[in-house]
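[1] A predicted structure for the sequence below; I have some questions about it.
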Amino acid sequence: MSGFNTEQAKASAAPPLGLYVHVPFCASTCDFCAFYQTTPTAEGVGGFLDGIAEEARLVEWPRPVTTVFWGGGTPGLLAPAQIERLGATVRARFTGEPQEWTVELAPASVTTERLAAFKAIGVTRISLGVQSFSPTLLEGLGRQHTREQIYRAHERIRAANFPSVNLDLMFALPGQDEATWREDIQAAVALAPDHLSTYCLTFEEDTALWVKLSQGKVKLDAEREAQLYESTWAQLAELGYGQYEVSNFARPGHACRHNLNTWHMHEWIGLGPSAASQHAGWRGANVADLTQWRAQVARGERLTEDRVALTPALLAEDALVFGLRMNAGVDLATWRGRAPAAPWTDVEALLDRLAIEGLAERDGTVIRLTNRGRLLADTVGAEIMAAFESETVSV
């Protein structure tokens, strides 16, 4: 027993390590989705499962995995036996028991049998892609589920007793006003989720929604988006959900650990086509093509796309870009210590200006955005990147 306690103590003292698995299969493509996906076939799914096992063997696993996240695509399209096989594959490569294991599910794919398989492999958190409870808005997004399927899926998930449940919602949708958005929030909260993610609709290139925008069938309205952001924050605060990031709200103890570790620039390993990794001194992604990914893995290759060496300055830059989206903000002292050669004079000048303009506030060495600043988080992030690129950084 003493040996076990020693190992547990070592694990708890080690930096977090995440594992992300991209399951690329979808029955259809939603109008807004820019993630890599493909239609499932028996051959494709079998090749994917084989490929994950091969890729996992290429990875050097330096310490126990802290969190696991399966995204997609729709991981729930896998059959129960395939879910258990994929779970056994990744468990064979890492030691210890993850603190959190999230799986993203679409309402139409939720069955009692699949949930039992997820429970059997150790999943602790379900993230259900609701998007909206309005049939009209769901149709406008190209979502392939109904309001009735949302309620049925949620009932099955709760009956399976997963420790934490998240609902994903979207706002600033074409045809959605503040009243219909309020109705969606109320419908979601009525289900008493542990966590809510509320994402503003974005127009990504190479999506059906982008085409509609270019054709003038839908329009951007920044002022309406800002109003919906603010009303969302106010409503969810009143309803007992603490905001910890621009788009994420949780009851106490239910913030997504995997995302927090990622935003704090800890390491994570990505498996599967298009999966990104930040691990062993490198950041990069796998090729976003199932067939090419399989061929590369067979040759012992991974992280072939956008591969870049991690430097203290790069990590500090991203810690600020992503960290300022979090309500807790960023402790500058930590990152100044880790990346002393970064262009801190320019960065500090920018942060001081943000504070003067009422977009940020400083508390000792901690900098955080105000509510007004969080409305402009993307713009602030772009300015931070520009500040870090203001001079050549030695590493």
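    Sure thing, it's come through.
[2] pLDDT score for residue 176?
    Per-residue confidence (pLDDT) for residue 176: 83.
[3] for the nearest residue to it once chain neighbours are set aside, what are its contacts?
    Excluding the flanking residues, the one nearest residue 176 by Cβ to Cβ, 6 or more residues apart in numbering is residue 137, at 5.8 Å. C-betas here are computed from N, CA, C, even on glycine. For residue 137, the contact set (Cβ atoms under 8 Å, 6 or more residues apart in numbering) comprises 131, 173, 175, 176, 180.
[4] the last one sits in which helix or strand?
    Using DSSP states H and E, residue 180 falls within helix 178-190.
[5] pairing partners for the helix or strand just after that helix, with directions?
    Of the helices and strands lying after helix 178-190 in sequence (DSSP H and E), the nearest is strand 195-200. Sheet pairing of strand 195-200 (DSSP bridges) gives strand 164-171 (parallel), strand 248-250 (antiparallel).
[6] okay, these in a markdown table with mean neighbour count, distance to residue 47 and mean pLDDT next?
    Shown next, in a markdown table, are these (neighbours: other Cβ atoms under 10 Å; distance: least, Cβ to Cβ, whole Å; pLDDT from 0 to 100):
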| stretch | mean neighbour count | distance to residue 47 | mean pLDDT |
| --- | --- | --- | --- |
| strand 164-171 | 22 | 29 | 95 |
| strand 248-250 | 23 | 34 | 97 |
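[7] distance to residue 300 added to those, as JSON lines?
    Converted to JSON lines, those look like this (distance: least, Cβ to Cβ, whole Å):
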{"stretch": "strand 164-171", "distance to residue 300": "36"}
{"stretch": "strand 248-250", "distance to residue 300": "37"}
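[8] out of these, flag the one nearest residue 153.
    The closest of these to residue 153 is strand 164-171. By Cβ to Cβ, the value is 10.3 Å.
[9] measure how the closest one sits relative to helix 178-190, angle-wise.
    170 degrees (axes from the mean of the first three to the mean of the last three Cα atoms, to 10 degrees).
[10] contacts for strand 164-171, please.
    With Cβ under 8 Å, 6+ apart, strand 164-171 has contacts from 32, 100, 102, 124-132, 141, 154, 157-158, 181, 184-185, 188, 191, 193-201, 225, 228, 232, 254, 256.
[11] pull it out as CSV, backbone CA atoms only.
    In CSV, the C-alpha atoms belonging to strand 164-171 read as follows (Å, rounded to 0.1, in the frame of the first residue of the first chain):
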residue,chain,number,x,y,z
SER,A,164,-20.5,15.4,-15.0
VAL,A,165,-22.6,16.5,-18.0
ASN,A,166,-22.0,19.4,-20.3
LEU,A,167,-24.4,20.9,-22.8
ASP,A,168,-23.1,22.8,-25.8
LEU,A,169,-25.2,25.7,-27.0
MET,A,170,-24.7,28.3,-29.8
PHE,A,171,-25.9,31.8,-30.1
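[12] chain center to it: distance?
    12 Å (Cα atoms, centre = their mean, to the nearest Å).
[13] do the same with stretch 315-323
    16 Å.
[14] so which bits of it are buried?
    Using 16 or more other Cβ atoms under 10 Å as the test for burial, stretch 315-323 gives 315, 316, 317, 318, 319, 320, 321, 322, 323.
[15] what bridges to residue 198?
    Under the criterion used here (DSSP bridges), residue 198 is bridged to residue 169.
[16] got the contact list for it?
    Here residue 198 is in contact with 169, 170, 171, 185, 232, 236, 247, 248, 249 (Cβ under 8 Å, 6+ apart).
[17] low-confidence stretches in this structure?
    Residue ranges of the chain with pLDDT under 70: 1-12, 27-36, 143, 202-222, 391-395.
[18] give me the most central residue, it.
    residue 259 (5.8 Å; Cα atoms, centre = their mean).
[19] before we move on, back to that, please produce a PyMOL select command covering the buried subset of the contacts of residue 137.
    The following PyMOL line selects those of the contacts of residue 137 that are buried, judged by 16+ other Cβ under 10 Å:
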select buried, resi 131+173+176+180
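[20] going by distance to residue 75, which of the contacts of residue 137 wins?
    The closest of the contacts of residue 137, once distances to residue 75 are taken by Cβ to Cβ, is residue 131, at 16.9 Å.
[21] and the residue nearest to residue 96 when sequence neighbours are not counted, how many residues sit next to it?
    Residue nearest to residue 96 in three dimensions, not counting chain neighbours: residue 64, with 3.1 Å by Cβ to Cβ, 6+ apart. Counted with other Cβ atoms under 10 Å, residues neighbouring residue 64 total 19.
[22] repeat for the one 10 residues further on
    The local packing count at residue 74 equals 22, with neighbours defined by other Cβ under 10 Å.
[23] secondary structure element for residue 49, which one?
    With DSSP H and E as the test, residue 49 turns up in helix 42-58.
[24] and that helix, what does it pack against?
    helix 80-91, strand 267-271, helix 290-298 (3 or more Cβ pairs under 8 Å, 6 or more residues apart in numbering; DSSP states H and E).
[25] sheet-wise, list the partners of whichever helix or strand comes after the last one with their directions.
    Same thing as helix 290-298. Next along the chain after helix 290-298, taking DSSP H and E as the criterion, comes strand 305-309. Paired neighbours of strand 305-309 in the sheet (DSSP bridges): strand 282-285 (antiparallel).
[26] touching the strand it pairs with from outside, list them.
    270, 274-277, 303-310, 314.
[27] closest to residue 58 among those?
    Using Cβ to Cβ, the contacts of strand 282-285 come closest to residue 58 at residue 303, 9.6 Å.
[28] residue 277 is in contact with the closest one, correct?
    Yes: using Cβ atoms under 8 Å, residue 303 is in contact with residue 277, at 5.7 Å.
[29] give me the element residue 278 is part of.
    Going by DSSP H and E, residue 278 is in strand 276-279.
[30] pull the distance from that strand to the chain's centre.
    14 Å.
[31] now swap in stretch 235-245 and tell me
    That offset, for stretch 235-245, works out to 19 Å (Cα atoms, centre = their mean).
[32] check stretch 139-149 too.
    Distance, centroid of stretch 139-149 to centroid of chain: 22 Å (Cα atoms, centre = their mean).
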